[in-house]
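Enquirer: only the shape, not the letters, is given here:
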Ligand code: NAD
């Protein structure tokens, strides 16, 4: 039965480009994954819409009036303020069309406010420097400098799991850098993206520099990534999709934020109580639908029983339920297919000899937080990104063995190490091949200003506001060849 809800939010037309809301020929229904109720309707855009939108944004950037840096900064500061004021409405949208209980959705809005504010502050970093032409005889009589210029048109393609903050992480740095942006949000969660674009327009971002085109990945996403007038593709999503996007994009600048399988090392001298609480939090938040989600825990053999017991006790206490209830900690998966896939992967592991200590249960789009041990090598819950509430715990006999296990994984986004010995912590951190190592924390931690991204299948390049601004701008040199020597 459907739970009570506020009236569906749907922006005028459900897509925006060429400076106005557009009336779509076809529509996509947005559903609440909890009960399948329709919560909104948006445009189902086409490749031809993408062509119109990209050309319009490219014209605005190349031929439109200049958008001075002070005005970009003011617009983004205003946007951050408006978003903070409307936290409740934005959290409501995130929760309705996505998977987060209200409390987690509100936290995402607070993060997005921070992302937009940090982006506004990057105005101070859009600077260049003079060039040392006098350092070589060939540079004599020349004077020059470089400035940071926008790349042009940024295509932003985003996933469903943090539907506001991951949009903000692309759109706000692109705008402060002076670019135009064409956004393709995840088909499951376009409403909050549309609301965010509406808010940016209200805050004073020039309408012709923005476009948002809801639609399917294979049509809108592919047309956008492959469009010749797009200068940079900023993609966040799965590794398989990322590979397809890179092939379609061809030889243009790309930023790829892809998946992970969140390794955590618990060394023999670790504080087990602290490690177990952090693992439960990192593995099951947003029902495990987080690129930083803890998926594999490697623990010193002498601690394994204690750690498993503590993790199981904490996991049993988690409240799985309706997103609308204040007591709920774990909401649904994004759709039933995702829940069924996770159920199959766990069943396959159990059939191969794994023990499920808690969870391993599905009802519709819900999958209960699951703790596995003795998982057979090669099981998909170990080798693939689960993107669901499943954690596997494996004992190790030496720190070297644990480090080489983690380094042999195909993903390398972030990792965590629990130990009370600083030398060991730093040694392990230096040896792990991942984008970040959190000491006495799991890898499920990020502030929006830090460089964010991974090695191997986890991505190409780095986001994180200052780093995204660097990637979305380029040095442009201006040099003067003096006709007479200085006296
Ligand atoms: P997804 O890869 O299925 O889709 C991501 C986006 O790509 C969506 O907007 C989708 O419509 C679009 N898309 C699909 N096919 C496309 C194509 N052929 N061309 C262009 N675009 C296409 O990912 P998802 O299921 O929405 O999100 C989950 C994945 O995202 C996980 O793998 C997760 O780890 C990853 N993720 C990574 C980060 C990070 O920062 N590293 C953050 C969040 C999520």
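Expert: Structure's in. What do you need? Since this is a predicted model, take the numbers as computed values, not measurements.
Enquirer: which residues are in contact with the residue nearest to the spatial centre of the chain?
Expert: Centroid-nearest residue in the chain, with C-alpha atoms, centre = their mean: residue 166, separated by 4.6 Å. Contacts for residue 166 (C-beta atoms under 8 Å, 6 or more residues apart in numbering) come out as 158-159, 236. (C-beta placed from N, C-alpha, C; glycine too.)
Enquirer: nearest to the ligand, of the residues you listed?
Expert: Of all the contacts of residue 166, the ligand sits closest to residue 159, with 3.0 Å by C-beta to the nearest ligand atom.
Enquirer: next one: that closest one from residue 235, what distance?
Expert: 9 Å (C-beta to C-beta, to the nearest Å).
Enquirer: the two: which is more packed in?
Expert: residue 235 (27 against 24; other C-beta atoms under 10 Å).
Enquirer: contacts for the helix or strand hosting the more buried one, please.
Expert: Applying DSSP states H and E as the criterion places residue 235 in strand 232-236. Contacts to strand 232-236, defined as C-beta under 8 Å, 6+ apart, come from residues 151-159, 166, 169-170, 174, 179, 224-225, 241-242, 245, 249, 252-258, 291, 463, 468, 471-472.
Enquirer: tell me the pLDDT of residue 6.
Expert: Looking at residue 6, its pLDDT stands at 47.
Enquirer: then residue 484?
Expert: Note for residue 484: predicted pLDDT of 75.
Enquirer: run a quick neighbour tally on residue 66.
Expert: Residue 66, neighbours per other C-beta under 10 Å, totals 7.
Enquirer: typo on my end, it should be residue 355
Expert: Going by other C-beta under 10 Å, the residues that sit close to residue 355 add up to 13.
Enquirer: and residue 263, by the same measure?
Expert: 29.
Enquirer: buried sites along stretch 339-348?
Expert: For stretch 339-348, the neighbour count (16 or more other C-beta atoms under 10 Å) marks 339, 341-343, 345-346, 348 as buried.
Enquirer: coming back round to it: and the strand holding residue 235, what's buried?
Expert: So strand 232-236, judged by 16+ other C-beta under 10 Å, has buried residues 232-236.
Enquirer: same for the ligand: which of those are within range?
Expert: residue 236 (C-beta under 6 Å from any ligand atom).
Enquirer: for the ligand, state which of the buried residues of strand 232-236 is nearest.
Expert: For the buried residues of strand 232-236, the nearest to the ligand is residue 236 (4.7 Å; C-beta to the nearest ligand atom).
Enquirer: how many neighbours does the closest residue to residue 461 other than its chain neighbours have?
Expert: Of all residues not flanking residue 461 in the chain, residue 255 sits nearest, at 4.3 Å (C-beta to C-beta, 6 or more residues apart in numbering). By other C-beta under 10 Å, 22 other residues sit near residue 255.
Enquirer: between the two ends of stretch 141-160, how far is it?
Expert: Start-to-end span of stretch 141-160 (C-alpha to C-alpha, to the nearest Å) is 55 Å.
Enquirer: state whether the residue nearest to the centre of the chain is indeed within a helix.
Expert: Yes - looking at residue 166 with DSSP: H, G, I helix; E, B strand; the rest coil, it is inside a helix.
Enquirer: the strand holding residue 235: how far from the chain's middle?
Expert: 11 Å (C-alpha atoms, centre = their mean, to the nearest Å).
Enquirer: hmm, the helix or strand following that strand in reach of the ligand?
Expert: Where DSSP H and E defines the elements, the next helix or strand beyond strand 232-236 is helix 239-249. Yes - using C-beta under 6 Å from any ligand atom, helix 239-249 comes into contact with the ligand via 241, 244-245, 248.
Enquirer: neighbour count added to those, as a markdown table?
Expert: A markdown table is the format used below for the residues of helix 239-249 next to the ligand (neighbours: other C-beta atoms under 10 Å):
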| residue | neighbour count |
| --- | --- |
| 241 | 19 |
| 244 | 18 |
| 245 | 23 |
| 248 | 15 |
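Enquirer: closest to the ligand among the residues you listed?
Expert: Among the residues of helix 239-249 next to the ligand, and counting by C-beta to the nearest ligand atom, the member closest to the ligand is residue 241, at 3.1 Å.
Enquirer: the helix or strand that contains residue 281: how far from the chain's middle?
Expert: Taking DSSP H and E as the criterion, residue 281 maps to helix 272-284. Centroid displacement of helix 272-284 relative to its chain, using C-alpha atoms, centre = their mean, is 22 Å.
Enquirer: can you give me the buried ones in it?
Expert: 272, 275-276, 278-284.
Enquirer: try stretch 53-73
Expert: In stretch 53-73, counting by 16+ other C-beta under 10 Å, buried: 53-54, 56-58, 60-61, 67, 69, 72-73.
Enquirer: any idea how far apart the tips of that stretch sit?
Expert: End-to-end for stretch 53-73, by C-alpha to C-alpha: 24 Å.
Enquirer: what's next to it, contact-wise?
Expert: By C-beta under 8 Å, 6+ apart, stretch 53-73 touches 17-19, 120-121, 123, 126, 150, 152-153, 155, 175-176, 178-182, 204, 206, 208-211, 213, 224, 227, 229-230.
Enquirer: ditto for stretch 123-137
Expert: Here stretch 123-137 has contacts from 69-70, 72-73, 139-140, 142-148, 176-178, 466, 469, 473, 475, 477, 479, using C-beta under 8 Å, 6+ apart.
Enquirer: can you narrow those residues to ones near the ligand?
Expert: Okay, of the contacts of stretch 123-137, nothing touches the ligand (C-beta under 6 Å from any ligand atom).
Enquirer: and the residues you listed, which of them are in strands?
Expert: Among these, the members falling in strands (DSSP state E) are 142-148, 473, 475, 477, 479.
Enquirer: for residue 119, which non-adjacent residue is closest in space?
Expert: Per C-beta to C-beta, 6+ apart, closest to residue 119 is residue 172, 3.5 Å.
Enquirer: for the helix or strand encompassing that neighbour, give the mean pLDDT please.
Expert: In the assignment (DSSP H and E), residue 172 maps to helix 165-176. Averaged over helix 165-176, pLDDT sits at 98.
Enquirer: okay, now the unreliable bits of the protein?
Expert: By pLDDT under 70, the weakly predicted segments of the chain are 1-13, 485-487.
Enquirer: what residue spans form the domains of it?
Expert: Per automatic domain parsing, the domain ranges recorded for the chain read 15-258+460-475, 263-447.
Enquirer: which stretch among those comes nearest residue 483?
Expert: Closest approach to residue 483 among the domains of the chain is made by domain 15-258+460-475 (8.2 Å; C-beta to C-beta).
Enquirer: quick one: the strands in the stretch 201-350 of the chain?
Expert: 210-212, 232-236, 253-257, 263-266, 296-300 (DSSP state E, counting those that start in this stretch).
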